[in-house]
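K.L.:
Please work out how this folds:
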Amino acid sequence: MHSGLWHDIKNHPHAMLASIVLHLVLLVIVTVSLNSTTAPTLPAKKQVKTLQAVVVNAAQVDAELSKLKKTELNRKQKEEARKKRLQDDAKKAQQQRRAEEKRLAELKRKQQQRDRAEKEKQKQLDKDRQLKQDELARLEKKRQAEQQKLAAIESRRKAQELEEQKKKQAAEAEIRRQAEEAELKRRMAEEEQRQAQLNTRLQALRAQYVLQIVAHVEKRWIQPAKLQQGWQCEVSVQQNALGDVTQVKMLRCTGDEAFRSSVERAIRRASPLPSPADPQAFDRHIQFIFKPNI
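P.N.:
As a prediction, this is how the structure comes out:
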């Protein structure tokens, strides 16, 4: 309760002051009235003085009330002016708020328009970019296909070149082989001819060598007591590099044992055998027919 009274005093000080003064005036009047009815009869002079005091107090009260009313009127006027200012400010603020809301709404609408335009623009850009990417992908695919085609052509060309090179190499190799074969045949023919000539020469030399050995043996042969016309012996003689006779074999003889022994003894007495005129005619194995001239 005290807090409520204090709140009223704080919010309406002039009204509360007027109310207090009014209550005091009423208290004074009541007190005077009570005193006039219960007090003893006073002289007339004193009674007049008392009434004058009361009148003076009432005038003061009226003046104070008038002052309070004027103060309250001023307060009310100020309060109404303040309220009007507040209302005007509120109205102005509301108008400003509405204008700001309208401005913000317009800004929002324009921003939404810009956003939609930007979105449409971005959408178109994305579409154009996708179209470009698709076109680039198509061109890349076409390029790869052409590259593969060119690679296949190049591969076939290289394969053909390799095949032609192999054929050329094979032809050149065949030519070289034929040339080498011809050269080999020529050399072989020359070698055969040379060998034939050599063999012919060696055969002649060996024949001379054999005749030389036969003559050498005949000089050491001692004719046996019994000898017939046409007796002969085919003999195989082994000699070393110095011409020493190492083995004598009587292959076929037409004479008797004494004739055969005389031939063998003559061969062994002929050791060492004579050397050939040409060393190529030398042969460790000599085979000849010993046929004495009688």
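K.L.:
next SSE after the helix or strand containing residue 262?
P.N.:
Element membership for residue 262 (DSSP states H and E) is helix 257-269. Toward the C-terminus, helix 257-269 is succeeded by strand 285-290 as the next helix or strand (DSSP H and E).
K.L.:
contacts for that next one?
P.N.:
With contact meaning CB atoms under 8 Å, 6 or more residues apart in numbering, strand 285-290 is reached by 209-210, 213-214, 217-218, 221, 232-239, 251, 263, 266, 273. Where you see a C-beta, it was placed from the backbone N, CA and C, and this is true even at glycine.
K.L.:
Going through the residues you listed, which ones are buried?
P.N.:
Buried residues within the contacts of strand 285-290, defined by neighbour count using 16 or more other CB atoms under 10 Å: 209-210, 213-214, 217, 221, 233, 235, 237, 239, 263, 266, 273.
K.L.:
Going by neighbour count, which residues of stretch 64-77 are buried?
P.N.:
Neighbour counts over stretch 64-77 (16+ other CB under 10 Å) mark 64-65, 68, 72, 75 as buried.
K.L.:
Now render these as TSV, adding pLDDT and distance to residue 119.
P.N.:
Compiled in TSV, the buried residues of stretch 64-77 are given as follows (pLDDT from 0 to 100; distance: CB to CB, whole Å):
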residue	pLDDT	distance to residue 119
64	83	77
65	83	75
68	85	71
72	85	65
75	87	61
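K.L.:
Show me these that map onto helices.
P.N.:
Counting by DSSP state H, these place 64-65, 68, 72, 75 in helices.
K.L.:
got any ranges where the stretch 151-294 of the chain has weak pLDDT?
P.N.:
By pLDDT under 70, the weakly predicted segments of the stretch 151-294 of the chain are 294.
K.L.:
where along the stretch 1-150 of the chain do the strands fall?
P.N.:
Along the stretch 1-150 of the chain, no segments are classed as strands by DSSP state E, counting those that start in this stretch.
K.L.:
shaky segments in it?
P.N.:
Ranges of the stretch 1-150 of the chain meeting pLDDT under 70: 1-23, 25-56.
K.L.:
quick one on the thing from earlier: now do the helix holding residue 262: everything it contacts.
P.N.:
217-218, 220-227, 231, 233, 235, 237, 245, 248, 250, 253, 290.
K.L.:
give me that answer again for 7 Å
P.N.:
For helix 257-269, the external contacting residues (CB atoms under 7 Å, 6 or more residues apart in numbering) are 217, 220-222, 224, 226-227, 231, 233, 235, 237, 245, 248, 250, 253, 290.
K.L.:
May I have that helix as CSV, with CA atoms only?
P.N.:
What follows is helix 257-269, C-alpha atoms only, in CSV (Å, rounded to 0.1, in the frame of the first residue of the first chain):
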residue,chain,number,x,y,z
GLU,A,257,108.2,-118.9,-99.7
ALA,A,258,111.9,-118.3,-100.5
PHE,A,259,110.9,-115.5,-103.0
ARG,A,260,108.6,-113.9,-100.5
SER,A,261,111.3,-114.0,-97.8
SER,A,262,113.8,-112.5,-100.2
VAL,A,263,111.5,-109.6,-101.0
GLU,A,264,110.8,-108.9,-97.3
ARG,A,265,114.5,-109.0,-96.5
ALA,A,266,115.2,-106.6,-99.3
ILE,A,267,112.6,-104.1,-98.0
ARG,A,268,114.0,-104.2,-94.5
ARG,A,269,117.6,-103.8,-95.8
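K.L.:
Return the distance of that helix from the chain's centre.
P.N.:
Centroid displacement of helix 257-269 relative to its chain, using CA atoms, centre = their mean, to the nearest Å, is 101 Å.
K.L.:
Show me what the strand ranked longest in the chain is packed against.
P.N.:
Criterion DSSP state E: the longest strand present in the chain is strand 245-253. If you count contacts as 3 or more CB pairs under 7 Å, 6 or more residues apart in numbering; DSSP states H and E, strand 245-253 packs onto strand 233-239, helix 257-269.
K.L.:
could you dump it to CSV, C-alpha only?
P.N.:
The C-alpha coordinates for strand 245-253 follow below in CSV (Å, rounded to 0.1, in the frame of the first residue of the first chain):
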residue,chain,number,x,y,z
VAL,A,245,110.6,-99.2,-92.0
THR,A,246,108.5,-100.2,-89.0
GLN,A,247,106.3,-102.9,-90.6
VAL,A,248,106.2,-105.1,-93.7
LYS,A,249,103.2,-107.0,-94.8
MET,A,250,103.1,-109.4,-97.7
LEU,A,251,99.6,-109.1,-99.2
ARG,A,252,99.7,-111.4,-102.2
CYS,A,253,102.6,-113.3,-103.7
